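Visitor: this one's sequence-less:
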């Protein structure tokens with residue numbers, strides 16, 4: 001079983017940037033994804049990256065503002081989030097899938113981190 005530990009969340013003003021990190025235990029590589037959940041809303045897909053790192057996918061509303069990447073040597077996935085908006089406020093979760101690519105549906109992911117809070121003030 002893989003352990004996922006997120007970090008990098010915080011309270012920022014609109015227009016600021018954050019870099020979220022997700023460190024996976026062990027040496028196995030997984031397809032990875034970032035999801036978020038705001039109060040009273042369902043968990044939604046933000047970005048995903050394949051095991052190789054060659055394929056990426058983004059939620060339409062974050063395209064051009066977020067970049068997902070991975071460092072295979074560190075077994076860590078990052079989400080660089082720029083030009084943050086108040087509507088980006090949510091708990092951000094990292095997820096891992098036993099597959100080449102997990103896609104945007106959370107049911108395809110096997111492991112989840114505890115989440116990191118991102119709050120964007122206007």
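Guide: Looks like it came in fine. Since we're looking at a predicted model, the values are computed, not measured.
Visitor: average model confidence for stretch 106-118?
Guide: In this model, stretch 106-118 has an average pLDDT of 97.
Visitor: Could you do stretch 1-17 as well?
Guide: Mean predicted lDDT for stretch 1-17 stands at 96.
Visitor: any idea how far that stretch is from the chain center?
Guide: 8 Å (Cα atoms, centre = their mean, to the nearest Å).
Visitor: Please list the outside residues in contact with that stretch.
Guide: By Cβ atoms under 8 Å, 6 or more residues apart in numbering, the residues outside stretch 1-17 that reach it are 18-26, 28, 30, 80-86, 92-96, 111-122. C-betas here are computed from N, CA, C, even on glycine.
Visitor: so what's the most centrally placed residue in the chain up against?
Guide: Nearest residue to the geometric centre of the chain (Cα atoms, centre = their mean): residue 34, 2.3 Å. Residue 34 makes contact with 20, 22, 45-48, 68, 77, 79, 92-95, according to Cβ under 8 Å, 6+ apart.
Visitor: Can you list which of those residues are found in strands?
Guide: Among the contacts of residue 34, DSSP state E puts 20, 22, 45-48, 68, 77, 79, 92-95 in strands.
Visitor: how about these in CSV, adding neighbour count?
Guide: Output for the ones in strands among the contacts of residue 34, formatted as CSV (neighbours: other Cβ atoms under 10 Å):
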residue, neighbour count
20, 24
22, 26
45, 20
46, 24
47, 24
48, 26
68, 23
77, 29
79, 27
92, 23
93, 23
94, 28
95, 24
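Visitor: Residue 56: which of those residues is nearest?
Guide: If you rank the ones in strands among the contacts of residue 34 by distance to residue 56 using Cβ to Cβ, residue 68 comes first, at 5.5 Å.
Visitor: which residues does the closest residue to that closest one other than its chain neighbours bridge with?
Guide: Excluding the flanking residues, the one nearest residue 68 by Cβ to Cβ, 6 or more residues apart in numbering is residue 47, at 4.0 Å. With DSSP bridges as the criterion, residue 47 is bridged to residue 34, residue 58.
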